[in-house]
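>>> quick one, fold the following:
(chains A, B, C and D)
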2 protein chains.
Amino acid sequence: MKKLTSKKASVTIRDVARESGFAASTVSIVLNNAPLARYIPPATKARIQKAAKSLGYHPNIFAKSLRSKRNHTVGVILFDITDPYCTLILRGIEKSLYQESYLAILADAHNERARFERYLEMMLERRVEGLLVLANWLYLDINVLADLERGKIPTAIIGRELESNATSSVTVDDEGGAYSAVAHLYSLGHRKIAFIRGPKALSSSKARWKGVQRFAKDTKLDLDPRLIVDLPDQLNLSAGADDAFRVTEELLKMKRSFTALMAYDDMTAFGALRALTKAGIRVPQDCSIIGFDDVNPSHLFVPALTTVRQPMETMGAAAVSILIEAITAAAENRSGSAVHRKLPSELVIRESTRAVP
Amino acid sequence: MKKLTSKKASVTIRDVARESGFAASTVSIVLNNAPLARYIPPATKARIQKAAKSLGYHPNIFAKSLRSKRNHTVGVILFDITDPYCTLILRGIEKSLYQESYLAILADAHNERARFERYLEMMLERRVEGLLVLANWLYLDINVLADLERGKIPTAIIGRELESNATSSVTVDDEGGAYSAVAHLYSLGHRKIAFIRGPKALSSSKARWKGVQRFAKDTKLDLDPRLIVDLPDQLNLSAGADDAFRVTEELLKMKRSFTALMAYDDMTAFGALRALTKAGIRVPQDCSIIGFDDVNPSHLFVPALTTVRQPMETMGAAAVSILIEAITAAAENRSGSAVHRKLPSELVIRESTRAVP
DNA sequence: AAATTATAGCGAAACGTTTCAATAAAACAA
DNA sequence: TTGTTTTATTGAAACGTTTCGCTATAATTT
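Numbers count the residues shown, from 1 in each chain, chains lettered A, B, ... in the order given. Modelled structure (predicted):
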């Protein structure tokens, strides 16, 4: 019984071999410019190239990977694609990956541990060459670390450092950023400053608060405990603004006056801004607000948000370069050690902060 | 020379075969629950499963794909990951893909045609099983369509319909949405309404404007040409708000009064809002604003933006279900025809619109 | 008792590459 | 001339699966 349909789905290297009159091995050598290609005369190369082109030959990537164990793919696991913070880092990652001709497999953990683990498993099964993890949740430590080490797959974590130094990381200087944020408010004359601290489960919460404390100590600024509130510790990051709204309303209910508010991050600042506005407090005339991150919509707000910018694209790029280095090291059987980069943040002064009257 | 390092990188099906005492073929049949597995007694199955587990066997996906020509991967090409519109659709896509145990390879075209094409090529080389394209730019038509048809790979486009009906699509009812947006303003008593129309290169621009026109005709609403301005036709979507800011300032300079403004989309609305505020016009007291999309930060704004919501997660999910269906159809050699779904939009009334005084 | 069918399992081939050892001719050295 | 090196090309093996056809029992029917 003859197959009437299509004449063989895809053209293989042997087709090219036949067409060009050389052996498959020769074709492979030429097309990959393998070491042995140095013995092959230009004429031969040309004929093979031509044959390949004329047949529209595309090497089968599965076969290729099966042999070489490489697939030029890295896994990217992030905690919430919906979060503009993730988005910008992802952009940085993508740009760099593109330059290196790597492709990214995307996984969104939805802030759920189970999902994270499932995805991790899927990526390992796919034998991605490396892993980029964008997560600042503490749960990462508990068990997943072990998974990574077990998998022995090059990994870089963005957003936090793991306790064990074995895995590379890219972080931002949260402490320094927070320090400069309070410093900014202080320099504008603010002394009664309210704080909305981040969820305890976030590693950056601690660091940022430490920065505040350090500044307070350095300058004898008084931190009024009645002006310090915490964001609840729930996992739904995208609800950050709503939580902040509630928390700020409670803060206001306590009738303790303040002239500036420092929010854990931009989302928090948005929520706080809404609460203040609702209470008839104008920003920045009556109260200044400062955020953290410089997430995408922050500069669009009215008033545009003063904030501490994380160099998110740069962070993504840094993570990629670390990862690629680790991958090539692994491929050559060198074993590079983990590298940790902490990038500086940058104060971005916009409209939401103003000197105290 | 003995290899002292690690004893064989990965455990293969033959290892499991040896360990369990059966042949590799049997192991394969059991582990995949292939049709033939029905003849295999439970005891055997159990032993094989056990062996596999104890050795920590993970099938090599390259070998698997090489045989089966399937890899449970789809390519997702979007025009700008930074755009919150993309982000939400991506979330919808990801959710559905996850349920089907598909993984996504992510490509961000940065609104550049060359990048789009390069990525497309990379995906085809990787033999993704299907393609999800999120793009509303017109340039898509010019040439790329041909590429897709050539590749004969199942594809669904989100955000616009191609002129040739050959490729499946998921769109939103732009016209109806715009219609209901003006209708909303009208019902609040607004008669002098300004419009910022979208870039001409966007297919949705036309459709939305058509909706406006239809409403105007239906109700004899007068569309004052001096209150209609266009966003420039440049490719940088993320600059949308800035463009809108400029355009709105020009509009204001013309001193032609209006009580409401309908923006092409939410980003545009943000820019307009800023311009109005700067000019001392309060929203919504002095002027109402309505957007389109209901992009993530819209509900966070102060005032929260009234807008027309696109069911973005649903759109992503719809695209995936269409795609998966097409993929399975192709796998079984049935050839399903392209399907086109147009989803309804939904008016979301928040704080930025108010009855005319 | 013989013939048939259902049940269990196996070996070999194939998927499309790349790499390695081998061969053969040409170029060079002695 | 003979022997050695360089140049040019190749066949075969391997990567780890899945599938197909085959065999060999065991169970069932005639």
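
>>> next, count neighbours for the closest residue to A:A166 other than its chain neighbours.
Counting by Cβ to Cβ, 6 or more residues apart in numbering or on different chains, A:A166 lies nearest to A:A338, which is 5.6 Å off, once chain neighbours are set aside. Heads up, the C-betas are built off the backbone N, CA and C, glycines and all. A:A338 has 18 neighbours, counted by other Cβ atoms under 10 Å in any protein chain shown.

>>> strands of the stretch 1-150 of chain A, start to end?
Here the stretch 1-150 of chain A has its strands, by DSSP state E, counting those that start in this stretch, at A:73-78, A:103-108, A:130-134.

>>> can you redo these as CSV with mean neighbour count and mean pLDDT?
Formatted as CSV, the strands of the stretch 1-150 of chain A follow (neighbours: other Cβ atoms under 10 Å in any protein chain shown; pLDDT from 0 to 100):
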stretch, mean neighbour count, mean pLDDT
strand A:73-78, 25, 96
strand A:103-108, 24, 97
strand A:130-134, 25, 93
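
>>> can I get the ones you listed in CSV including distance to DNA strand D?
Compiled in CSV, the strands of the stretch 1-150 of chain A are given as follows (distance: least, Cβ to the nearest atom of the strand, whole Å):
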stretch, distance to DNA strand D
strand A:73-78, 17
strand A:103-108, 20
strand A:130-134, 20
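
>>> so is A:Y186 in a helix, a strand, or just coil?
A:Y186 carries the three-state label helix when classified by DSSP: H, G, I helix; E, B strand; the rest coil.

>>> er, A:R256 actually
Three-state assignment for A:R256 (three-state DSSP): coil.

>>> can you pull the phi/psi pair for the nearest residue to it once chain neighbours are set aside?
Distances taken as Cβ to Cβ, 6+ apart place A:R226 nearest to A:R256, at 5.2 Å, with adjacent residues excluded. A:R226 has phi and psi values of phi -80, psi -10 when expressed as degrees, to the nearest 10.

>>> again, but for A:R197
phi -90, psi 160.

>>> and it, what does it touch?
A:S205, A:R208, A:W209, A:I228, A:V229, A:D230, A:L231, A:Y264 (Cβ atoms under 8 Å, 6 or more residues apart in numbering or on different chains).

>>> pull the most distant pair out of these.
Across the contacts of A:R197, no pair lies farther apart than A:R208 and A:V229, at 14.3 Å, counting by Cβ to Cβ.

>>> neighbours of the nearest residue to A:Q310 once chain neighbours are set aside, how many?
Closest residue in space to A:Q310, ignoring its immediate chain neighbours: A:V172 at 4.6 Å, by Cβ to Cβ, 6+ apart. Close neighbours of A:V172, defined as other Cβ under 10 Å, add up to 27.

>>> try the one 4 residues further on
Using other Cβ under 10 Å, the number of residues around A:G176 comes to 17.

>>> show the subsequent helix or strand relative to the helix or strand where A:R246 lies.
A:R246 belongs to helix A:240-253 when assigned by DSSP states H and E. Going down the chain from helix A:240-253, the next helix or strand is strand A:260-263, by DSSP H and E.

>>> returning to what we had before: pretty sure the residue nearest to A:Q310 contacts A:P311?
Yes - using Cβ atoms under 8 Å, A:V172 makes contact with A:P311 at a distance of 7.2 Å.

>>> chain A against DNA strand C: which residues are in contact?
Counting by Cβ under 7 Å from any atom of the strand, the positions of chain A adjacent to DNA strand C are A:9-10, A:12-14, A:24-25, A:28-29, A:31-32, A:34, A:36, A:57-60, A:63-64, A:66-68.

>>> now, of those residues, which are buried?
Among those, those classed as buried by 16 or more other Cβ atoms under 10 Å in any protein chain shown are A:T12, A:I13, A:S28, A:I29, A:L31, A:Y57, A:P59, A:N60, A:K64, A:L66.

>>> let me see the contact set for the residue lying closest to A:H299 once chain neighbours are set aside.
Closest residue to A:H299 apart from its sequence neighbours, by Cβ to Cβ, 6+ apart: A:R350 at 6.6 Å. For A:R350, the contacting residues are A:S298, A:H299, A:P303, A:A304, A:L305, A:T306, A:T307, by Cβ under 8 Å, 6+ apart.

>>> do the same with A:V27
Listed by Cβ under 8 Å, 6+ apart, the contact set of A:V27 reads A:I13, A:V16, A:A17, A:S20, A:I48, A:A51, A:A52.

>>> report how many residues lie close to A:Q285.
When neighbours are counted by other Cβ under 10 Å, A:Q285 registers 10.

>>> that one sits in which helix or strand?
Here A:Q285 is assigned to no helix or strand, by DSSP H and E.

>>> close enough to count as contact, A:G271 and A:L231?
No - using Cβ under 8 Å, A:G271 is not in contact with A:L231, being 9.3 Å away.

>>> who touches both of these two?
Both A:G271 and A:L231 are in contact with A:G240, A:D243, A:A244, A:V247, where contact means Cβ under 8 Å, 6+ apart.

>>> looking at the last one now. What's its pLDDT?
According to the model's per-residue confidence, A:V247 sits at a pLDDT of 93.

>>> distance check, it against chain B.
Distance of A:V247 to chain B, computed by Cβ to the nearest Cβ, to the nearest Å: 15 Å.

>>> tell me the secondary structure at the residue nearest to that residue when sequence neighbours are not counted.
Excluding the flanking residues, the one nearest A:V247 by Cβ to Cβ, 6+ apart is A:V229, at 5.1 Å. On the three-state scheme (three-state DSSP), A:V229 is labelled strand.

>>> tell me the phi and psi of whichever residue of the stretch 201-350 of chain A sits closest to DNA strand C?
Per Cβ to the nearest atom of the strand, A:A331 is where the stretch 201-350 of chain A lies closest to DNA strand C, at 11.2 Å. The phi/psi pair for A:A331 (degrees, to the nearest 10) reads phi -70, psi -30.

>>> before we move on, what about A:H340?
Reported as degrees, to the nearest 10, the phi and psi values for A:H340 are phi -120, psi 120.

>>> the residue of the stretch 201-350 of chain A closest to DNA strand C reaches A:S68, doesn't it?
No - A:A331 is beyond contact range of A:S68, at 9.6 Å (criterion: Cβ under 8 Å).

>>> list the contacts of the residue of the stretch 201-350 of chain A found nearest DNA strand D.
With Cβ to the nearest atom of the strand, the shortest gap between the stretch 201-350 of chain A and DNA strand D falls at A:A331, namely 15.9 Å. Counting by Cβ under 8 Å, 6+ apart, A:A331 touches A:R70.

>>> ok, A:T167 - how many residues close by?
22.

>>> quick check: the gap between the closest residue to it other than its chain neighbours and DNA strand D.
The spatially closest residue to A:T167, leaving aside those adjacent along the chain, is A:T155, at 5.3 Å (Cβ to Cβ, 6+ apart). Distance, A:T155 to DNA strand D, using Cβ to the nearest atom of the strand, to the nearest Å: 22 Å.

>>> same question, A:H110
According to Cβ to the nearest atom of the strand, A:H110 and DNA strand D sit 30 Å apart.

>>> give me the nearest residue to that residue, chain neighbours excluded.
Nearest non-adjacent residue to A:H110 (Cβ to Cβ, 6+ apart): A:D80, at 6.5 Å.

>>> per-residue confidence for the residue nearest to A:Q310?
Reported pLDDT for A:V172: 96.

>>> check A:E121 too.
pLDDT, A:E121: 87.

>>> can you get me a residue count around it?
A:E121 - counted by other Cβ under 10 Å - has 13 other residues nearby.

>>> how about A:H340?
Neighbour tally, A:H340, other Cβ under 10 Å: 15.

>>> show me what contacts it?
Contacts of A:H340 (Cβ under 8 Å, 6+ apart): A:E161, A:N165, A:S168, A:S169, A:V170, A:T171.
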